[in-house]
Each structure stands twice: as structure tokens, then as C-alpha cells.
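Q: requesting a structural model of the entry that follows:
(4 chains)
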There are 2 protein chains.
Amino acid sequence: MRLNQATDYAFRAVLHLSRLPRGKVVEARLIAEEEHIPMRFMLKILRLLSRAGIVESYRGVGGGYALAKSPAEITMKDVVEAVEGPVHINRCLIAPEECNKRNTAKCSVHKALYSIQQAINDKLKEYDFETLSKS
Amino acid sequence: MRLNQATDYAFRAVLHLSRLPRGKVVEARLIAEEEHIPMRFMLKILRLLSRAGIVESYRGVGGGYALAKSPAEITMKDVVEAVEGPVHINRCLIAPEECNKRNTAKCSVHKALYSIQQAINDKLKEYDFETLSKS
DNA sequence: TTTATACTATACTTGAATAGTATACTTTGG
DNA sequence: CCAAAGTATACTATTCAAGTATAGTATAAA
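A: Numbering: from 1, shown residues only, chains lettered A, B, ... in the order given. Take a look at the predicted model:
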């Protein structure tokens, strides 16, 4: 059970932007270089963050990326969901028809997993990037 | 971020054994059939559970598997770790040399992930199979 | 003591996912 | 209009998950 590399890169990119003055626009190339992230992959991830409303992009000469809101309003949960979609700890919680018992609702293991999943989401929500950028 | 299929099967197998009278030995084939788990895969998983001291195996005619301890002493964490190894939410927490910032200890994101990982482990430990088998 | 049963060990296979790359295109400031 | 910077989409290589196969070992019972 692990977060993927793209999510890790996304954390770094958002943290990077959070440490800049509000509204500051920087090129993907610069973030990629400073955070040691492969450039093309960085662009791909930034597009995901952009689509999720976490960053804003500016095209053309002098373009780049900036945070779309204040760091305090961005949590680790937002970033995880932007990159890998919502956390689903067990496939049955997404697709009950795949549950080999066909009784997810009554299965105590799945109820427990659901509660664990909730705990993970709550915990991810606790961390915002203003706090992270200052600690 | 998700648990794998083998872990899901393992939960079912342990739950199955937990519902039987203490010490009762059943063949892998029966567990596999009743829980809709591919037989060969079930054997593989049961070996992992056996190696972790969660179940005991008996070879030869009349052999099979039984729990190695009482259901109350087996938690979801035990089963997860038996099948997929310890929970590591982010690769940097396992292999700091892979961290592209090379400063895991000082990185606030990694500290946050570590605390989330702890929370997951604590939560997994809360659920034992006696409780699960009765709810 | 042979035989059928049931677990063990290890290696193999297939398909999907991860991580990253490439090509062609669009927008924009100077 | 052109160079810089992001966008869209498709491709590739490697790894991992999930499952299968083959050969072997232990044991109860006939």
C-alpha cells in the first residue's frame, strides 16, 4: 500500500510553489530542475494539478504555473486525489460487483476497511501546504 | 493507494478459520471454494500466513490449515504484513537514498506521510478477528 | 509398504499499471 | 512572425500483480 511516484513529485511541486510569493508564476522547467523531477513528467503532473484547480497555468512567453489558491486551502488529500484519484483501500469498496463474497455491505472486513479508509482521508486532510511550507 | 487482492483473500481466509471451532483443521480446497478464491493462489497465501505464524499447516491425508492462535490475537495489521509486508506509504520512507531531495529527515511532506502511515498502522491494529467474526 | 491426499518450493506466464518519453500542436509576448 | 511555454495524445519500457504449473515431501490408511 503506497502512494505513487507522481504523487510524491506533485507534493514537491506544490510545496515549491507554496514557498514563493503569492501569485508568483514559474516555468515547469525550473520546478523540475530544482526538485529533481523529469521535465516531461513534471508537465504531465502539473496538468493534473491544473485540472483539479490546485495550480493555474499561463501559456506563451513568460508563462508557467502558480498556485490557484492560498497554500492554506490546499491539503495533501487534494493533491493525492488530483494525481491518483480518490483513495480506495480495497477494490471492493469501489466495485462491489467485484467482491467475491457479493455481500460487501454485510462483510465485517469491508466495513473495517471502509473505516480505515475514512481515517486515511481525514489524516490527509489535516495537512495543508501553508503549514507544510513552514515546518 | 490500495491493498492488493492477495491481502483481501487473506482476510477472508482468516475470517473463515476464525468462525470455526478452535483448532479445527480444514483443507485449502474447501476455503478456496467457499470463499471463491483460486485454489493455487489460496495455497500461496496460506503459506505466507503460515510463515507469519497466523495459521498452522498439517500435511498428508486429513491435513489442512487451522489458526495458530486465537482470533482475538490476530489483527488486520498482522494479516496485511504477512501478505504484503509492512505498510510503507511512500517509497522515501523505506529508501531515503531514493528521495530526490536527499533530505527526508528535514522534509515536512515526508514527516507528514510518516505520521499518516502511523495512523494507518494503529487503525489496522484496532481490528482483531474475534471482533470481525462476530460483527 | 504402497497409495492417495494434502501441503511445500520454486519457477513461470500474462496482463495491467507505473514511470517516463516523443511528436505535434496551441497560445502569447515582444 | 517567431521563440517560449503550456497542451494533447500517443507511445514505450519496465515492473508488479495475479494467477498457473511442475515437481517434490509428509502422512494416514489400506
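Q: what residue ranges in chain A score low on pLDDT?
A: Along chain A, the parts satisfying pLDDT under 70 run over A:93-106.
Q: show me what from it comes close to chain B.
A: Applying Cβ under 8 Å from any Cβ of the partner chain, one finds that chain A approaches chain B through A:1-3, A:5, A:8, A:11-12, A:15, A:35-37, A:76, A:80, A:84, A:87-92, A:100-101, A:108-109, A:111-113, A:115-116, A:119-120, A:123-124, A:127, A:131-133, A:135. Yep, even glycine has a C-beta here, placed from its N, CA and C like the rest.
Q: out of these, which end up buried?
A: For the residues of chain A next to chain B, a burial check counting by 16 or more other Cβ atoms under 10 Å in any protein chain shown picks out A:1-3, A:5, A:8, A:11-12, A:15, A:35, A:37, A:76, A:80, A:84, A:87-90, A:92, A:101, A:108-109, A:111-113, A:116, A:119-120, A:123-124, A:127, A:132-133.
Q: which of these come close to DNA strand C?
A: For DNA strand C, the contacts drawn from those by Cβ under 7 Å from any atom of the strand are A:5, A:84.
Q: using PDB, write down the CA coordinates of the helix or strand harbouring A:Y9.
A: Assigned by DSSP states H and E, A:Y9 falls within helix A:5-18. Extracted C-alpha coordinates of helix A:5-18, given in PDB (Å, rounded to 0.1, in the frame of the first residue of the first chain):
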ATOM      1  CA  GLN A   5       6.000   8.500  -7.600                       C
ATOM      2  CA  ALA A   6       3.800  11.000  -9.500                       C
ATOM      3  CA  THR A   7       2.100  11.900  -6.200                       C
ATOM      4  CA  ASP A   8       5.400  12.400  -4.500                       C
ATOM      5  CA  TYR A   9       6.500  14.700  -7.300                       C
ATOM      6  CA  ALA A  10       3.200  16.600  -7.000                       C
ATOM      7  CA  PHE A  11       3.800  17.200  -3.300                       C
ATOM      8  CA  ARG A  12       7.200  18.600  -4.000                       C
ATOM      9  CA  ALA A  13       5.900  20.800  -6.800                       C
ATOM     10  CA  VAL A  14       3.000  22.200  -4.700                       C
ATOM     11  CA  LEU A  15       5.400  22.700  -1.800                       C
ATOM     12  CA  HIS A  16       7.800  24.500  -4.100                       C
ATOM     13  CA  LEU A  17       5.000  26.900  -5.300                       C
ATOM     14  CA  SER A  18       3.800  27.400  -1.700                       C
END
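Q: show me what that helix is packed up against.
A: Under the contact definition 3 or more Cβ pairs under 8 Å, 6 or more residues apart in numbering or on different chains; DSSP states H and E, helix A:5-18 sits against helix A:28-35, helix A:39-51, strand A:55-58, strand A:64-67, helix A:76-84, helix A:129-134, helix B:91-94, helix B:108-126.
Q: of all those, which lies closest to B:G64?
A: Of all these, helix B:108-126 sits nearest to B:G64, with 27.2 Å by Cβ to Cβ.
Q: can the closest one be found next to chain A?
A: Yes: counting by Cβ under 8 Å from any Cβ, chain A has neighbours in helix B:108-126: B:108-109, B:111-113, B:115-116, B:119-120, B:123-124.
Q: neighbouring contacts of that helix?
A: Helix B:108-126 is contacted by residues A:1, A:3, A:11-12, A:15, A:76, A:115-116, A:119-120, A:123-124, A:127, A:131-133, A:135, B:75-77, B:80, B:87-90, B:92-93, B:99, B:104 when judged by Cβ atoms under 8 Å, 6 or more residues apart in numbering or on different chains.
Q: I appreciate the help and will end here.
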